[in-house]
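In: Structure of the sequence below:
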Amino acid sequence: MRLARLANLPEAYLLDLAGRTPASLSGSTRLLLIESAVRGALRDLDRWTGAAQRLVDQPAAAVLAGAILERCPDLIASLVPRYRGRARRVRAQTFVALARANGQTTTPSEISSARRRVEDAVGDVIDATAAVWRDEHQLDTQFDDPALVLMVLDQERSRGPSEAVAPDPRSIAVIGTPYAHAELAASVIADKLGFGLINPLDLAQRRFGLRRANDPHRVGQRRIVREILSGQLDSMQHVWTVADVEVVDEILEDIPAGPVVCVTGGPRLRSEGARMWGYTTDRVDELHDRICRWARARPATTLHEIDDAVFDRHNRIDRDRLFDDAWDVGAHAAAELLVDRG
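Out: Presented below is the predicted three-dimensional model:
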C-alpha cells in the first residue's frame, strides 16, 4: 500500500507485477492502471487549460462589449466596473452599458426592442459570459440617455484552481440563504486556498443558457450540483457554492461528509433576500432553520451569520458593509480550512 502511494499507481497493479494476482484478473489490473493514467492526464490538462486561459483571456465584459460593437454597429458600449467594500475595494461586477450611436433618447418600447435585437445578435456571447440584464438605476454611474445594461460577474465567476496550489483532495461546499452573499464568501475561500470556484448560477448559463429569468425551477443549477455530487463534474481542489432555496432544499442531505461552510443572514436580510429572489419570507426562514440544524449535527461543518447591522437607520442595506462582512466570513473560513490542511 505504501509503495502504491509513493509510486502513484493502483495497488492491484503492483500486486499483479509481483505475481500475486490470479491470471483471470490480470487484465483488469492493467485497465486500472490505464484508468489511473487517463484520470491523471485529464487533471493535468484541466490545470494547464486553466493556466492558459488566465494568461490570454480578456475580461468577460470586454469580450461581450467587443462582440456587441462588431455585430451591432449602431450601439456604443461603455464598460462600467462596480467596486464594492470599504475595507477592501474589489471589483464585484462589470456593467456593459449600451447607448445608441446617434445620441437620440430611447423610449421604453425601443429599449425592449433593442434588447431582443442584442440577444439575437450576441446571445451566444451573453450566455458564454453569463451576462444578465440589469436596470440602469443599478449603475453607480448614470448616463444622459436611457441605456441598455448587461452585468457580468467578476469576483464570483467560476474559474479553475491556481497553477501553484499544493495537492489537496478536498471539495469544499459553501451553502447559504438568499442574499447572505455565500457566493462571495466561497470566492474568497477559493482565492485564499488557490482553489477553483464552481458557481452553478453562472455556470448553468454558460453551459445551458439557463438563468433565473428563463429557468424558474432552477433546472440548470440543479443539474450542475447533481454533476458535482455524483462526481461527473470534478470538484476536487474547487469550492462550489449554492444559495438558491429550491436547490439547497433538494440537495442538502446529499452533500457528502467533508468541509462545508454555511452562510445565512439575519431576519431582515433573509426577508430582503426573499423579496429579491422571489420567495416568501417564511420559505427562506424555514431554509435558514434547516441549514442551522443540519450544520450543528455534522462534523467539519461551520455556520456563519451575516447580521442585520448591514441595515442603516433608514432601513437601507449598506452594500459595502455587507460585502465586507461576507468577505470576512470567507477569510475566516479559509483560515480554518488552511489550518485543517496543515
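In: If you count neighbours, what's buried in the helix or strand harbouring Glu286?
Out: If you go by DSSP states H and E, Glu286 is part of helix 281-296. Neighbour counts over helix 281-296 (16 or more other Cβ atoms under 10 Å) mark Arg283, Val284, Asp285, Leu287, His288, Ile291, Trp294, Ala295 as buried. All C-beta spots, glycine's among them, are computed from the backbone N, C-alpha and C.
In: Closest one of those residues to Asp244?
Out: Leu287 (9.7 Å; Cβ to Cβ).
In: Now do the contacts for that closest one.
Out: By Cβ atoms under 8 Å, 6 or more residues apart in numbering, Leu287 lies in contact with Thr177, Val245, Val248, Asp249.
In: Most neighbours among those residues, which one is it?
Out: Tallying neighbours with other Cβ atoms under 10 Å puts Thr177 at the head of the contacts of Leu287, with 27 neighbours.
In: give me phi/psi at that one?
Out: With angles defined as degrees, to the nearest 10, Thr177 sits at phi -100, psi 160.
In: is it true that it touches Thr281?
Out: No: at 10.9 Å, Thr177 and Thr281 do not qualify as touching, with contact defined as Cβ atoms under 8 Å.
In: Overlap in contacts, these two.
Out: Taking Cβ under 8 Å, 6+ apart as the contact rule, Thr177 and Thr281 both touch Arg270.
In: can you put the contacts of Leu287 in TSV and add secondary structure, pLDDT and distance to Ile111?
Out: Output for the contacts of Leu287, formatted as TSV (DSSP: H, G, I helix; E, B strand; the rest coil; pLDDT from 0 to 100; distance: Cβ to Cβ, whole Å):
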residue	secondary structure	pLDDT	distance to Ile111
Thr177	coil	97	33
Val245	helix	96	31
Val248	helix	97	35
Asp249	helix	95	36
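In: just checking, Val261 is part of a strand?
Out: Yes: Val261 sits within a strand when classified using DSSP: H, G, I helix; E, B strand; the rest coil.
In: check contacts around it.
Out: By Cβ under 8 Å, 6+ apart, the residues touching Val261 are 172-175, 182, 185-186, 189, 301-302, 304, 329, 333.
In: between those residues, which is closest to Ile255?
Out: Taking these together and measuring to Ile255 by Cβ to Cβ, the closest member is Ala173, at 5.6 Å.
In: Could you check the angle the one helix or strand that closest one maps to makes with helix 281-296?
Out: Per DSSP H and E, Ala173 falls inside strand 171-176. Strand 171-176 and helix 281-296 are oriented at 150 degrees to each other (axes from the mean of the first three to the mean of the last three Cα atoms, to 10 degrees).
In: what's the next secondary structure element after strand 171-176?
Out: helix 182-193.
In: Take the contacts of Leu287 and write them to CSV, including distance to Cys72.
Out: Below are those laid out as CSV (distance: Cβ to Cβ, whole Å):
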residue, distance to Cys72
Thr177, 39
Val245, 36
Val248, 38
Asp249, 40
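In: re earlier: which other helices and strands contact whatever helix or strand comes next after the helix holding Glu286?
Out: Of the helices and strands lying after helix 281-296 in sequence (DSSP H and E), the nearest is strand 301-306. In terms of contacts (3 or more Cβ pairs under 8 Å, 6 or more residues apart in numbering; DSSP states H and E), strand 301-306 is packed against strand 260-265, helix 281-296, helix 319-341.
In: Apply 10 Å and report the result again.
Out: Helices and strands touching strand 301-306, by 3 or more Cβ pairs under 10 Å, 6 or more residues apart in numbering; DSSP states H and E, are strand 171-176, helix 182-193, strand 260-265, helix 267-277, helix 281-296, helix 319-341.
In: how about that strand: buried residues?
Out: By neighbour count on 16+ other Cβ under 10 Å, the buried set for strand 301-306 is Thr301, Thr302, His304, Glu305, Ile306.
In: Might one say that Thr281 is in contact with Gly265?
Out: No: with contact defined as Cβ atoms under 10 Å, Thr281 does not count as touching Gly265 (11.4 Å).
In: what residues do those two have in common as contacts?
Out: Common contact partners of Thr281 and Gly265 (Cβ atoms under 10 Å, 6 or more residues apart in numbering): Ser271, Glu272, Gly273, Ala274.
In: Distance from the chain centre to stretch 268-282, please.
Out: Centroid separation between stretch 268-282 and its chain, computed with Cα atoms, centre = their mean, to the nearest Å, is 21 Å.
In: Also stretch 113-132?
Out: Counting by Cα atoms, centre = their mean, stretch 113-132 is centred 21 Å from the centre of its parent chain.
In: Dihedrals phi and psi, the residue nearest the centre of the chain?
Out: Central residue of the chain (Cα atoms, centre = their mean): Asn199, 1.9 Å from the mean position. Main-chain torsions, Asn199, degrees, to the nearest 10: phi -110, psi 100.
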